[in-house]
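>>> Need coordinates for the following:
(one chain, ligands or ions: 1)
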Amino acid sequence: MKEKLLYYSTNLKAEKVSFSQALLQGQAPDRGLYLPESIPQIPLDVIFGYSQLPYYQIAYDVMRRFLTGEIEDGELAALVEDAYDYPVPLEKVCDRKFIMRLDQGPTASFKDFAARMMGRLMQYYLKLNGQKLLILTATSGDTGSAVANAFYGLDNIQVVVLFPGTEVTDRQRKQMTTLGNNVHVLALDAKFDDCQALVKQAFSDPDLEHLSLSSANSINIGRLIPQIVYYFYAFSRLRLENHPEEVIFSVPSGNFGDMMGGILAMKMGLPVKKFIIATNENDEFPKYLASGHYDKIEPSKNCISSAMNVGHPSNLARLVALYGGQMDEKGIIHQAADMDMMRKEIFSVSVTDQQTRETIRKTYQDHHILLEPHGAVGWAGLLAYFKEYPHEADQAQLCVSLETAHPAKFPEEIQRLIGLNPPLPKSLEGLDGKAEFVKNLPVDYLDFKKFLLDTF
Ligand SMILES: *Cc1c(COP(=O)(O)O)cnc(C)c1O
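The predicted structure is shown next:
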């Protein structure tokens, strides 16, 4: 096998590790996030050749470059084929402006792309080493269901999901609680941040070390790499032959894992003109991009695009690192990033709830395209960019805005806005009648710890 690509921590105080070590550890010991030491490059002719390949083969060719010397080609090929067995529609809105629907996976959010691959890779390495892992994950909705579903039934892995009992929709809850088996779901009478705090405390508790705890949230490099792929896929399907062009992508963002996948794709050689990072009213990033000064938002604001209610995106440390700076896990900048370069490649805008609702209504009225709140933030971000740079609105300019969840996950909002009940995708059918396995727990670390020690 070829020489391994190593991964360094953004806090620069931990040893470099292999992909499998980074994957199984999650966070680096110095609390930084892992990034590859060098970014693999894909030549343009190879990227052009992707037009002939199905999604899973593009996934194979992009991801193998991050796993050199870490997995046999045939093994990786089998994992991606198994993980990506659902469509990735590109819907035309107008001219050469498209919505990429990343909502066709088993839990109907884009998080399936990453969770399914991460689960399979983890299982592969655990079996190889005869290890076991206990995944703890706090969720405000989509991560919990994607992870629970992706890890359901895998050997050597147990999953504990903590969620704020009253803050997820019935459908979101049932996507997690109806599984059972190796998926253990805890409902807490708390906010998401409290759930997250319990998980973090468990990670640093020496009494739990023997349980081999790990995390499945977007700080894990194993979740990031699969999210590079669909940017290449969109370009391969939409580019015009014999016509050099660069894409504008708009990414509705919360923890910035999705957007980091896109930025990495660009740094690997994908022809991108601009990334639009659209946030909801949690506008810490657009402010940072404008001023170079970073202030997190505490507590984060509650918006209807609830999966993006993030006041301090954990992946920001990675973005800053890619632009030559250094930010620690608390959001303190130790070395400034190249802000001019960042502004050249990225445009960022905050979208209010009111604008989000108007966008859902208007996009349906004008184009018969059904968006949900997260995708609407992305599309509104693209429109905001055109407003500021009208010449970019040119009909020939290729633009792709990401739709990150299925509208049927938010039936109440959509019903209210356009009087339509979004049709249920197959993956969400049949949830209503199923039995739920869920344990209610008070927000108390000792109770949580006792649960872990008693159960595992
Ligand atoms: C998680 C999530 C996002 C935000 O993605 P990040 O990678 O955290 O920026 C956007 N939309 C939906 C539907 C999500 O579940």
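>>> How are the helices of the stretch 251-400 of the chain distributed by residue range?
257-268, 284-291, 316-322, 339-345, 353-367, 373-388 (DSSP state H, counting those that start in this stretch).
>>> Save those helices as TSV, and put in mean neighbour count and distance to N242 too.
The C-beta positions use only the backbone N, C-alpha and C, and glycine is treated the same way. TSV is the format used below for the helices of the stretch 251-400 of the chain (neighbours: other Cβ atoms under 10 Å; distance: least, Cβ to Cβ, whole Å):
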stretch	mean neighbour count	distance to N242
helix 257-268	24	22
helix 284-291	18	35
helix 316-322	23	32
helix 339-345	14	26
helix 353-367	18	29
helix 373-388	24	26
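>>> how about a markdown table for these, with distance to the ligand and mean pLDDT added?
Listed next are the helices of the stretch 251-400 of the chain as a markdown table, based on distance: least, Cβ to the nearest ligand atom, whole Å; pLDDT from 0 to 100:
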| stretch | distance to the ligand | mean pLDDT |
| --- | --- | --- |
| helix 257-268 | 3 | 97 |
| helix 284-291 | 10 | 98 |
| helix 316-322 | 10 | 97 |
| helix 339-345 | 17 | 98 |
| helix 353-367 | 12 | 98 |
| helix 373-388 | 4 | 97 |
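>>> Quick check: which of those is nearest to C303?
Nearest to C303, of all the helices of the stretch 251-400 of the chain, is helix 353-367, at 5.3 Å by Cβ to Cβ.
>>> Next, the angle from the closest one to helix 373-388.
Per axes from the mean of the first three to the mean of the last three Cα atoms, to 10 degrees, the angle that helix 353-367 makes with helix 373-388 is 80 degrees.
>>> what packs against helix 353-367?
Packing partners of helix 353-367 (3 or more Cβ pairs under 8 Å, 6 or more residues apart in numbering; DSSP states H and E): strand 90-94, helix 373-388, helix 411-418.
>>> show me what contacts L79?
Counting by Cβ atoms under 8 Å, 6 or more residues apart in numbering, L79 touches 117, 120-121, 124.
>>> tell me the SS of it?
helix (DSSP: H, G, I helix; E, B strand; the rest coil).
>>> any idea how far it is from the ligand?
Taking Cβ to the nearest ligand atom, to the nearest Å as the measure, L79 falls 22 Å from the ligand.
>>> for the stretch 301-450 of the chain, which spans come out with low pLDDT?
Within the stretch 301-450 of the chain, not a single segment meets pLDDT under 70.
>>> Next to the ligand in this structure, residues from the stretch 301-450 of the chain, please.
307-308, 374, 404-405 (Cβ under 6 Å from any ligand atom).
>>> hmm, try it at 8 Å
By Cβ under 8 Å from any ligand atom, the part of the stretch 301-450 of the chain that sits against the ligand consists of 305, 307-308, 310, 313, 315, 372, 374-375, 404-405, 409.
>>> If you rank these by neighbours, which is first?
G375 (32 neighbours; other Cβ atoms under 10 Å).
>>> how close does it get to V251?
G375 sits at a distance of 10 Å from V251 (criterion: Cβ to Cβ, to the nearest Å).
>>> Model confidence score at the closest residue to L6 other than its chain neighbours, please.
Nearest residue to L6 in three dimensions, chain neighbours excluded: K16, at 4.2 Å (Cβ to Cβ, 6 or more residues apart in numbering). K16 is assigned 98 on the pLDDT scale.
>>> if I read this right, K16 contacts Y7, doesn't it?
Yes. Between K16 and Y7 there is a contact under Cβ atoms under 8 Å: 6.3 Å.
>>> Switch the helices and strands packed on helix 353-367 over to a markdown table; also include distance to A278.
As requested, the helices and strands packed on helix 353-367 are exported to a markdown table (distance: least, Cβ to Cβ, whole Å):
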| stretch | distance to A278 |
| --- | --- |
| strand 90-94 | 15 |
| helix 373-388 | 3 |
| helix 411-418 | 18 |
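>>> Which of these sits closest to T107?
helix 373-388 (14.1 Å).
>>> Can you spell out which helices and strands pack onto that closest one?
Using 3+ Cβ pairs under 8 Å, 6+ apart, helix 373-388 sits against strand 97-101, strand 247-252, strand 272-279, strand 346-350, helix 353-367, strand 399-403.
>>> For the residue in the stretch 51-200 of the chain that the ligand sits nearest to, grab the count of nearby residues.
The nearest approach of the stretch 51-200 of the chain to the ligand comes at D142, 3.3 Å away (Cβ to the nearest ligand atom). When neighbours are counted by other Cβ under 10 Å, D142 registers 25.
>>> Spatially nearest residue to it, not counting backbone neighbours?
For D142, the spatially nearest residue (Cβ to Cβ, 6+ apart) is S109, at 4.2 Å.
>>> Check the gap between the one you found and S145 for me.
8 Å.
>>> Have a look at these two and say which one is more surrounded.
Neighbours per residue (other Cβ under 10 Å) separate S109 from S145, with S145 holding more: 30 against 26.
>>> so the more buried one sits right up against M176, yeah?
Yes. The criterion here is Cβ under 8 Å, and S145 meets it with M176 at 5.1 Å.
>>> which neighbours do these two share?
T139.
>>> Just give the nearest non-adjacent residue to E329, would you?
R31 (4.6 Å).
>>> Check what pLDDT that neighbour gets.
At R31, pLDDT is 88.
>>> who touches it in this structure?
By Cβ under 8 Å, 6+ apart, the residues touching R31 are 11, 328-329.
>>> Show me which of the residues you listed is closest to the ligand.
E329 (16.1 Å).
>>> L136 touches S212, doesn't it?
No. Using Cβ under 8 Å, L136 is not in contact with S212; the gap is 10.9 Å.
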